[in-house]
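> When you get a sec, could you give me coordinates for this:
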Amino acid sequence: EPTNPINLELDADFDELKMWAMVLGGTPPYQYLWSTGATTDTIYNLQPNTFYEVTVTDGKGCTSVEHFYIISGTDNLQEKYAFNISPNPVSTELRANFHLPAAAEVSIALFDAMGRQIQTILPNQRLEAGEQRFKIASESWPSGVFSVVINVDGQPLAHRVLKL
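Numbering: from 1, shown residues only. Prediction:
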């Protein structure tokens, strides 16, 4: 039983396109292994629409893993499509509402905290311009954090959702 477990957090600076792992606890020295192959506490040149993972191993061989998914252009798309998810947190039913200024190819999917797609809510299809409203049954989801990702003509827009 570790008496000093590793607590691992990720932080990022998107202006400088870098992400770093902050380790609290555990036993130094720490070894880092990123999904990019990097072995330092910081990685650079972050790319949009990319899943990153870091594994930290301490001096006693204890490990901790953390994940981060970067989605590009969320702020501009948020304004353009007025994407809204409610209620958040959710228990039994989630509502996804957005506005299409013109007809577009749209898909909606649900991702778990590790970036794995776990449900297709709307397979890719052409929707007409105007208000779009979807009800998503969530009672079967386990408790945790999820991302609802809407793709409009190939541009992803994500909202994090907490399931109680």
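> Roughly how far does Phe98 sit from Thr63?
Counting by CB to CB, to the nearest Å, the separation of Phe98 from Thr63 is 40 Å. (Each C-beta comes from the backbone N, C-alpha and C, glycine too.)
> Those two: which has the busier surroundings?
Phe98 (22 against 13; other CB atoms under 10 Å).
> Surely the more buried one forms part of a strand?
Yes. Per DSSP: H, G, I helix; E, B strand; the rest coil, Phe98 lies within a strand segment.
> Look up which residues are beta-bridged to it.
Gln132 (DSSP bridges).
> show me what contacts it?
81-84, 131-132, 150 (CB atoms under 8 Å, 6 or more residues apart in numbering).
> cool, and Lys80?
Here Lys80 is in contact with Pro101 (CB under 8 Å, 6+ apart).
> Please, which helix or strand holds it?
If you go by DSSP states H and E, Lys80 is part of helix 74-81.
> Give me the next element, helix or strand, following that helix.
strand 84-86.
> Give me the contacts around stretch 11-18.
Residues external to stretch 11-18 that are found in contact with it (CB under 8 Å, 6+ apart): 19-20, 22, 42-46, 68, 70.
> Kindly export that stretch (C-alpha atoms) in PDB.
In PDB, the C-alpha atoms belonging to stretch 11-18 read as follows (Å, rounded to 0.1, in the frame of the first residue of the first chain):
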ATOM      1  CA  ASP A  11      -2.400  22.100 -17.200                       C
ATOM      2  CA  ALA A  12      -1.900  23.800 -20.600                       C
ATOM      3  CA  ASP A  13      -1.000  27.200 -22.100                       C
ATOM      4  CA  PHE A  14      -2.700  27.300 -25.500                       C
ATOM      5  CA  ASP A  15      -1.100  30.500 -26.500                       C
ATOM      6  CA  GLU A  16       2.300  28.800 -26.300                       C
ATOM      7  CA  LEU A  17       0.900  25.400 -27.400                       C
ATOM      8  CA  LYS A  18       2.300  23.500 -24.400                       C
END
